[in-house]
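The following comprises the amino acid sequence and a computationally predicted model.
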Amino acid sequence: MDKIRFATVWLAGCSGCHMSFLDLDEWLIDLAQQVDVVYSPVGSDIKEYPQNVDVCLVEGGVANEDNLELLLKVRQRTKTLISFGDCAVTANVPGMRNMLGGAEPVLKRGYLELAEHSPQLPHAPGIVPELLEQVLPVHQVVPVEIYMPGCPPPADRIRATLEPLLRGEMPVMEGRDMIKFG
C-alpha cells in the first residue's frame, strides 16, 4: 500500500496548532508509518511545496503576499486541504488587524506610532512580504475540504480527523468534540 503524501503549512498564526499536532505523542510514530511527510515547518527544511500531496493541514490566516502565494500553490497541488485551527477557519487573532482598516494603518501603527527608536516602515522587497489589505481565512481564498476548528485543536481532534483519512474515508466533523472553537 502506498503511503499518503502528507504536508503541514504555517501561514499567519502562532504555531499553536503545530504544537498541538506534536502533542499526538506516541501516535506520531504510528502516523509516520502510514505517511510520507513531504512538507512541514516542523522537522524539515524542504523549501518548495511539492506536487501530488494527498493531505495538507494549513494553519493560520492569509495575511501577506507570501501566505497567499504559498496557499495558492498548496491548493493546486493538494487533494485534501484541511483548514487547521481557528486562524485558518476564521482568521481569528491575526484577523484582529482588520479592524484598523487596511494594511497602511496597521503598518503606521506598528512601525511609526509605536516605535521607540528609528520609526520607519519596513520595505525590503523579496525579504519583507507585503501585507494584504485584510487577513483572510483560508476558505475565502481557496476551496477547503475539511474544517478543524480549535485554538488550537486538541490532539484528540487532530487524530480523529486524520485516522479516517488514513483509511481512505472522510472524517465526521460534527459534535462538540470535533467542532468546538476556542
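That came through fine.

tell me which element Glu104 falls in.
Assigned by DSSP states H and E, Glu104 falls within helix 103-108.

For that helix, list every residue counted as buried.
Ala103, Val106, Leu107 (16 or more other Cβ atoms under 10 Å). Where you see a C-beta, it was placed from the backbone N, CA and C, and this is true even at glycine.

which residue sits closest to the last one, ignoring its sequence neighbours?
On the basis of Cβ to Cβ, 6 or more residues apart in numbering, the spatially nearest residue to Leu107 that is not a chain neighbour turns out to be Leu121, at 5.4 Å.

Check the contact between the one you found and Arg109; I expect there is one.
No. Taking contacts as Cβ atoms under 8 Å, Leu121 lies outside contact range of Arg109: 11.0 Å.

thinking again about what came up before, for the helix holding Glu104, output the C-alpha coordinates as CSV.
In CSV, the C-alpha atoms belonging to helix 103-108 read as follows (Å, rounded to 0.1, in the frame of the first residue of the first chain):
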residue,chain,number,x,y,z
ALA,A,103,-2.5,47.4,5.6
GLU,A,104,-1.4,51.0,5.7
PRO,A,105,-2.9,51.9,9.1
VAL,A,106,-1.5,48.6,10.5
LEU,A,107,2.0,49.4,9.3
LYS,A,108,1.8,53.0,10.5
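
Quick one: list the elements packing against it.
Contacts defined by 3 or more Cβ pairs under 8 Å, 6 or more residues apart in numbering; DSSP states H and E place helix 103-108 against strand 131-136.

mind redoing it with 10 Å?
Under the contact definition 3 or more Cβ pairs under 10 Å, 6 or more residues apart in numbering; DSSP states H and E, helix 103-108 sits against strand 62-64, strand 131-136.

Identify, out of those strands, the most deeply packed stretch.
The highest mean neighbour count among the helices and strands packed on helix 103-108, using mean count of other Cβ atoms under 10 Å, belongs to strand 62-64: a mean of 24.

That one pairs with which strands?
Strand 62-64 pairs in its sheet with strand 131-136 (antiparallel), by DSSP bridges.

got a list of contacts for the strand it pairs with?
Outside strand 131-136, the residues that touch it by Cβ atoms under 10 Å, 6 or more residues apart in numbering are 11-13, 60-65, 67-68, 71, 87, 90-98, 100-104, 106-107, 122, 140-141.

Just the buried ones from these?
For the contacts of strand 131-136, burial is judged from neighbour counts taken by 16+ other Cβ under 10 Å, and it is met by 11-13, 60-64, 67-68, 71, 87, 90-95, 97-98, 103, 106-107, 141.
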